[in-house]
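Peer 1: Turn this into a structure:
(5 chains, ligands or ions: 9)
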Amino acid sequence: MTALATFKGGIHPPDKKDIAKGRAIKEAKSPQRVVIPLSQHLGAPCKPIVSIGQEVKKGEVLGEPGGFVSAPVHSSVSGKVIAIAEFPNAMGRMINSIVIENDGKEEWTSLKDNPDYIKLSSDELREKVKAAGIVGMGGAAFPTLVKLSPPKEKPIDTVILNGAECEPYLTADYRLMLEKSAEIVEGLKILMRILGVNKGFIGIENNKPDAIEKMKDAAKNEPNIEVCGLEVKYPQGAEKMLISALTGREVPPRGLPMDVRVVVQNVGTALAVYEAARYGKPLIERAVTVTGEGIKNPANLMVKIGTLISDIVEECGGFKDSAGKVVSGGPMMGFALSSLDVPVTKGTSGILVIPKEGFVHAEEYGPCIRCGRCIDICPMGLMPSMLSILSEKGHYEDAKEYNLFDCFECGSCAFVCPSKRPIVQLVRLAKSLVKP
Amino acid sequence: MEKLFELFIAAALINNFVFTRYLGLCIFFGVTKKMDTSIGMSITFTSVMVISAALNWIIYKFIMIPLGLGFLEIVIFIGVVAGFVQAADTIMKKVSPGLYFKLGIYLALITTNCIILAVPLLNVSEGYSFIESIFFSFGAGVGFSLAMIIMASIREKLELADVPKAFQGLPISFIVTGLIALAFMGFSGLITL
Amino acid sequence: MADLKKEHELIVSVSPHIRDEETTSRIMWTVNLSLLPAFFLGFYFFGLKALFVTALCIISSVLSEYFFQKAVKKKLTVNDGSAFLTGLLLGMNLPPSLWSFNPFTIHVPIIGSVIAVVITKQFFGGLGYNIFNPALIGRAFVLISFPKAMTIWTEPTAAFLALDAKTTATPLGILKEDGLAKLIEVFGDKINLYAELFNGHRAGSIGETSVLALLIGAGFLLYKRYITWHIPISFLGTVAALAWIFGGKSPETGKMLLFAGDPLIHLLSGGLMLGAFFMATDYVTCPSVRKGQIVFGIGCGALTMLIRIKGGYPEGVMFAILLMNCFVPLIDRAMKSDVFGAVKEKKK
Amino acid sequence: MSNAENKISYIGLVKNGIFSENPIFKVALSLCPAVAVTSGVKNGFMMGIAVLFVQIMVNITVSIVRKFIHPKVRIPSYMFIIATWVTVTDLSMAAFARDVYAQMGLYIKLIVAFAIILTRAELFASKQKVTPSFFDGLGVGAGFLFALVIIGFFRELLGKGSLWGYPIINTKPLLIMILPTGGFFAVGILMGLFNWIGIKFFGGGGASGGGH
Amino acid sequence: MKELIKITANLVIIFVAAGLVMASVFAKTAPIVKIKKEQEETQARKKMMPDADNIIEAGKWEPYGKKGKYFEGKKGEEIIGYLISTYGKGYSSYINILVSVGKDMKVKGIGILGHGETPGLGDEIEQDYFKKRFEAKSLEQLEVVKVEGTDKIQAISGATISSRAVTSGVRESVKLLKEKYSGVTK
Ligand SMILES: Cc1cc2nc3c(=O)[nH]c(=O)nc-3n(C[C@H](O)[C@H](O)[C@H](O)COP(=O)(O)O)c2cc1C
Ligand SMILES: Cc1cc2nc3c(=O)[nH]c(=O)nc-3n(C[C@H](O)[C@H](O)[C@H](O)COP(=O)(O)O)c2cc1C
Ligand SMILES: Cc1cc2nc3c(=O)[nH]c(=O)nc-3n(C[C@H](O)[C@H](O)[C@H](O)COP(=O)(O)O)c2cc1C
Ligand SMILES: Cc1cc2nc3c(=O)[nH]c(=O)nc-3n(C[C@H](O)[C@H](O)[C@H](O)CO)c2cc1C
Ligand code: SF4
Ligand code: SF4
Ligand code: SF4
Ligand code: SF4
Ligand code: FES
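Peer 2: Ligands and ions are numbered 1, 2, ... in the order given. Now for the predicted structure:
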């Protein structure tokens, strides 16, 4: 194949990765206190198992999973629990969280190296993933254990590592792939072993040739693992698009990857899996890109879960004179923050600071002129124009005829819309008002 | 054969009953708010149209003319239509309750539609033969159905439009009909009748 | 920490946080721009009166939009360029002879513009909601209302002040009335006929005559991806095919001769190029899914040729597009886009 | 109307028929003639008179015979009464108003299918004495007449430049107004105007959805 | 059963009463219609040929398969001209024409009896200025041209098809009359 693997539709936003691309991942300063939400994942929140005043070590379990689709949370610092109360998260919701005063000792619970991890049985490996509280680090924070325990009637034959990082600005996955290539490949091997499959892909967008080189190099002795360059196009990293690009299989509407015998994990997740399997290290830190035209010193940081975003902004030199918007995540799908006093969670991939003059105000929008741009680019093959009009006029039920619930809110449609219509917002409104 | 085809096309498109003869408007505006009702009405209407036109032709030719009762055409034609509709209603209810449930509701409306009466009257005044009457009435039915289906699809789209308040509902529907009629003028002159 | 926030009032809005630079008004003004070559050729061939007619249409369109929106207290959107575009297209679709001193018919462009903008567009809610192409409704309305004024064509004199140019027939008019042989005779020979049709030295509406200039504008729009090939190509393709199949006439009997037509003449004359590239492609009044657009284009082409060959009127593009406009909501209903994953599933 | 048993204001009935329950602009029944015969004031007027006549006669007849008619055959009987009066009108116009009849004979016959007439017979005349039924018929018929004349006025003036056949202006300002498009436009715009006046000055609602 | 009888009686009474009303109105109006129709027709003919004091039907023919008639116009015993009704295939309808032809087989005048052409375009054929164009035309001159100042028939601009229809209708009539009567005259 000469053409790069890709999918139908998609957009080409300016990628802006140069801002943070060259900055190697460095350990962020350990904050004075961390706020660790008991719900950082999709699914049931955790039950706290510590009490106020209790001393905890780094890596100690703070909350036990509250159900099958759930994952434990651990302390990312050593110190004393000073509060268990509701704190706002990045989306502005109040979440029960545990606040720990950092004593600065960085004292770990037990952490043993087990170089023979690859020989462990898949159940033992699963247990490690579970204990480490690993959730998807690509954004949705879905508990990884669930993905790794497919029901019997859904056999899996392929694992895909998602290194697309198609969101503009973000470079954390890119840096991880450059700096931890071997570990990521190991992580993939563990995932393949857990699922008992012998086909692994690593998909990387073609605007990161050095990462592709690096990963190819790291995987050169692994005949079962294929590193593929992908066309640069948003949302190449969405799992359905990625699966289609790499395997040609299309996940049916409202279906899951496992319906086409695939499991998709982010490269960061693979790294966490490796660290959990080898050292038993729980997921207490993650790579975060701090970037945007509005931040003084862009960086890629390894941040402890629970660190407040205000601390990180400060560490990166603060805002240039006119920060207008701070986004948790990427510019296409991230959430604009109303307050900087919210913690980094397992799903926080980036902090993007956009200066006031740097973005289009979307408050004023026009009527849909039916130009069809959104229809052309919707990766899910939907008709966003109709979804937005129906929702705007209150015909929420009718929106279902236009496959409302197949929209994964990638934002491509709103990006291209010449009328600047808030399509994603309208879609979310409709979704919240009707039953699937 | 060509004459029959021309009659059909003329009745359906060129002299479309709604857009150029202004007939059947009450039902046209009444049922086209929703696509489902328009389709139901289309099927029912076209069938009743053809059958009652045939009945009326036979009655006119073999009963009214010989007896010199031509002047009773209005009473007789409307009576035949009403009687046929009533019979269809009863039979359908017995034979196919499913179909009755779908289309039965439209039957009652048909008696007060002027096309159903205009077609037999035109058949008489133009002196069409039996076969010609059938083609003419079938064309009329198809043309009316086409008009209703186009209109329903447009009105469903208009639900989503910002029409000024005073024009919502019937006024804008009249204007749409006027615009369609303007477009249908493009068919004028295709056939000389 | 806290003072950081105070210093900077944070703006909260939903994703996506970056937007493409394309805007509605940029699209509309670009389409206006791409019509300029054709308009200038019309100006060149028909002189000052072409300019007057077009300017009158533009001014009345923009003013109609302005006053209507004022009257119903809506947001003013006149500078988005769509009313300007409607006016420009309407002007380019009118015969230049509307501005001559005898008969004095300047109310025609004004009435056309008011009908286009107020009734066809604003009554339906303004930009984006209309069912019919405003410029074409405007033209159809005045054609029916003022049939004489609208069917007087003048010779392309290429003289600036040609206010009283000689009246003549359009190529399609000659083709319909007197046949191909006469048309070739009028233009000298066949090659010359094609050449004149291509560069626009012929009678016709102000902006429809020069195929060359229209193609330049259309090429620009295609390059900018403001329009796609689907409608124009299916439209033109259908016209060419049907012209070839049904457009021929036996010189002796005058009866139709199958597979003997001249597709080029039908492609190059009338308002076909203007219609196919600039009017059938109006976003608001064409289907939005590509498959639907192809159906729409084929429908336009078939109706155009039906009217040109069988109908009583030499040109059919305007009525063809308007008739297909009626069917757009139906096409849209029938042809939704294919949801990712759904098609493959069915095929299995 | 709901307090039908009480004393009924006859003038109120007539006003009702012309304005708040205008058969065309408000109730939206029997729309065809509103477009079909209104290309001129004269035709509109004649049609209006024909409907007025039929409506009054039907109302009176129904009111007289209402006690004798068996409830099971009520509707067919009413239809028959209507058809009879339409035939009478039709035959009379054929004899005495030949030039008008030549242009709109078909539509006169179609009065029999106008739902408004049956509706009034069924809703009003079948429950009321003769005098109120007469005034109800007068009101509805006058409302009809009023609508047709207004529409005809605009269409003829704009489309032909004349009124009642007499030239007013010596051009045809907007020929299209006497064609189908113009007819639909005229009714649509007048209806919108009526609604607008209703909303603006009386705070009322718009026309109903249309029946038949 | 009793009810059934009641209903039947009910309907029968209504039918009979209504039938009587209609029949009596018909009986009154039918003769009037007949007389008026004849009057109108003779008047129309008379208008076309005011000199004649007697116009009698001389035969039937079938232009485009429709019914046409022709008449001899007499003053005293002498034939002073002919009237013929005919059709022409127009834009959207068959145009019904009445032609008055002199003994010299030249058109004396035409009248349009009925048509369904487009108002404003085709219906200009009813206008006097157009009808006048046929006066004193011989068979050879009955041909449509689109230029001014012709001795043939100048088309109405924008309605060439309707103009042609009328012209060809008139031409066919004159042809027919020539066939029938050229022996008699000359
Ligand atoms: C309700 C729900 C159930 C899911 N169940 C499974 C599952 O059984 N197996 C699996 O591999 N992934 C499962 N997923 C994970 C999704 O396939 C997807 O990976 C996850 O939602 C992450 O979304 P992202 O694409 O936005 O990161 C589930 C997701 C949701 C929302
Ligand atoms: C529009 C969209 C774009 C995405 N882009 C990426 C991406 O570039 N990289 C990535 O790892 N995940 C991306 N995801 C999330 C993936 O769909 C998928 O959930 C993830 O790769 C699963 O891995 P995880 O469970 O390890 O996070 C995207 C999701 C959506 C809806
Ligand atoms: C809607 C419409 C109605 C028309 N009606 C007539 C008509 O009734 N009679 C007629 O001769 N031409 C009518 N025409 C015009 C003819 O199609 C044709 O253009 C004309 O006869 C040619 O005349 P010209 O050579 O003078 O332009 C109509 C055109 C249109 C678009
Ligand atoms: C490619 C393109 C073609 C257009 N064509 C027309 C046209 O033919 N007539 C018109 O009135 N407006 C046209 N417009 C302008 C605009 O879409 C139109 O006014 C809307 O129909 C008004 O709602 C066009 C716009 C674009 C972008
Ligand atoms: S934000 Fe999500 S989708 Fe985008 S690059 Fe990062 S992980 Fe991928
Ligand atoms: S897009 Fe649908 S499935 Fe995905 S998170 Fe939202 S509601 Fe759930
Ligand atoms: S947000 Fe939804 S509708 Fe819009 S492009 Fe993405 S998937 Fe399609
Ligand atoms: S991109 Fe915007 S304007 Fe264009 S069709 Fe989609 S919603 Fe409508
Ligand atoms: S008057 Fe109601 S359908 Fe014609």
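
Peer 1: pretty sure A:G63 is in a helix, no?
Peer 2: No. Applying DSSP: H, G, I helix; E, B strand; the rest coil, one finds A:G63 to be strand, outside a helix.

Peer 1: so what's it up against?
Peer 2: A:38, A:45-49, A:72-73, A:98 (C-beta atoms under 8 Å, 6 or more residues apart in numbering or on different chains). No exception for glycine: its C-beta is placed from N, CA and C like everyone else's.

Peer 1: among these, who's most crowded?
Peer 2: In terms of neighbours by other C-beta atoms under 10 Å in any protein chain shown, the contacts of A:G63 top out with A:V73 at 31 neighbours.

Peer 1: Am I right that that one is in contact with A:E60?
Peer 2: No. Using C-beta atoms under 8 Å, A:V73 is not in contact with A:E60; the gap is 10.3 Å.

Peer 1: in chain D, what residue is nearest ligand 4?
Peer 2: D:T181 (17.9 Å; C-beta to the nearest ligand atom).

Peer 1: what about the helices in chain A?
Peer 2: In chain A, the helices defined using DSSP state H lie at A:18-21, A:122-131, A:144-147, A:172-179, A:181-195, A:209-218, A:239-247, A:267-279, A:309-315, A:373-377, A:384-392, A:396-399, A:412-416, A:423-433.

Peer 1: most tightly surrounded among those helices?
Peer 2: Most buried of the helices of chain A by mean neighbour count (mean count of other C-beta atoms under 10 Å in any protein chain shown) is helix A:412-416; its value is a mean of 27.

Peer 1: which stretches of chain D form strands?
Peer 2: Secondary structure of chain D (DSSP state E): strands located at D:162-163, D:166-167.

Peer 1: next one: the stretch 201-350 of chain A
Peer 2: A:225-230, A:262-266, A:285-291, A:299-304, A:323-328, A:335-336, A:350-355 (DSSP state E, counting those that start in this stretch).

Peer 1: closest one to ligand 8 among these?
Peer 2: strand A:335-336 (21.2 Å).

Peer 1: Contacts for that closest one, please.
Peer 2: A:90-92, A:325-329, C:10-15, C:17.

Peer 1: Please tell me how far D:I49 sits from ligand 3.
Peer 2: As judged by C-beta to the nearest ligand atom, to the nearest Å, D:I49 and ligand 3 stand 32 Å apart.

Peer 1: Make sure that residue is actually in contact with D:F146.
Peer 2: No. At 11.9 Å, D:I49 does not count as touching D:F146 under the criterion of C-beta under 8 Å.

Peer 1: and E:K132, how many neighbours?
Peer 2: Using other C-beta under 10 Å: E:K132 sits among 11 other residues.

Peer 1: Which pLDDT does the model give it?
Peer 2: Listed pLDDT for E:K132 reads 92.

Peer 1: Same question for C:K346.
Peer 2: 43.

Peer 1: before we move on, back to that, which of the strands of the stretch 201-350 of chain A sits closest to B:I149?
Peer 2: strand A:262-266 (44.1 Å; C-beta to C-beta).

Peer 1: From the contact counts, what lies against that closest one?
Peer 2: In terms of contacts (3 or more C-beta pairs under 8 Å, 6 or more residues apart in numbering or on different chains; DSSP states H and E), strand A:262-266 is packed against helix A:144-147, strand A:158-163, helix A:181-195, helix A:239-247.

Peer 1: do that again at 10 Å, thanks
Peer 2: helix A:144-147, strand A:158-163, helix A:181-195, strand A:200-205, helix A:239-247, helix A:267-279 (3 or more C-beta pairs under 10 Å, 6 or more residues apart in numbering or on different chains; DSSP states H and E).

Peer 1: Which residues does stretch A:88-95 contact?
Peer 2: With C-beta atoms under 10 Å, 6 or more residues apart in numbering or on different chains as the test, stretch A:88-95 has contacts from A:35-40, A:45, A:85-87, A:97, A:309, A:326-329, A:334-339, A:341-345, A:347-348, A:351, C:12.

Peer 1: which residue packs closest to residue 181, ignoring adjacent ones?
Peer 2: All of this is about chain A. Closest residue in space to A:S181, ignoring its immediate chain neighbours: A:A218 at 3.8 Å, by C-beta to C-beta, 6 or more residues apart in numbering or on different chains.

Peer 1: oops, I was thinking of chain E
Peer 2: E:Y82 is the one closest to E:Y181 (C-beta to C-beta, 6+ apart), at 7.0 Å.

Peer 1: and that neighbour, which of the three is it?
Peer 2: strand.

Peer 1: again, but for C:F259
Peer 2: Going by three-state DSSP: C:F259 is coil.

Peer 1: show me what contacts it?
Peer 2: So C:F259 contacts C:244-248 (C-beta under 10 Å, 6+ apart).

Peer 1: Only whichever of these are buried, select them in PyMOL.
Peer 2: Those of the contacts of C:F259 that count as buried under 16 or more other C-beta atoms under 10 Å in any protein chain shown are selected in PyMOL with:
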select buried, chain C and resi 244+246+247+248
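
Peer 1: want to throw the contacts of C:F259 into JSON lines with distance to ligand 6?
Peer 2: Shown next, in JSON lines, are the contacts of C:F259 (distance: C-beta to the nearest ligand atom, whole Å):
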{"residue": "C:W244", "distance to ligand 6": "51"}
{"residue": "C:I245", "distance to ligand 6": "51"}
{"residue": "C:F246", "distance to ligand 6": "52"}
{"residue": "C:G247", "distance to ligand 6": "54"}
{"residue": "C:G248", "distance to ligand 6": "58"}
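
Peer 1: could the contacts of C:F259 go into JSON lines alongside distance to ligand 4, pLDDT and secondary structure?
Peer 2: Converted to JSON lines, the contacts of C:F259 look like this (distance: C-beta to the nearest ligand atom, whole Å; pLDDT from 0 to 100; DSSP: H, G, I helix; E, B strand; the rest coil):
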{"residue": "C:W244", "distance to ligand 4": "27", "pLDDT": "94", "secondary structure": "helix"}
{"residue": "C:I245", "distance to ligand 4": "28", "pLDDT": "94", "secondary structure": "helix"}
{"residue": "C:F246", "distance to ligand 4": "27", "pLDDT": "92", "secondary structure": "helix"}
{"residue": "C:G247", "distance to ligand 4": "26", "pLDDT": "87", "secondary structure": "coil"}
{"residue": "C:G248", "distance to ligand 4": "31", "pLDDT": "85", "secondary structure": "strand"}
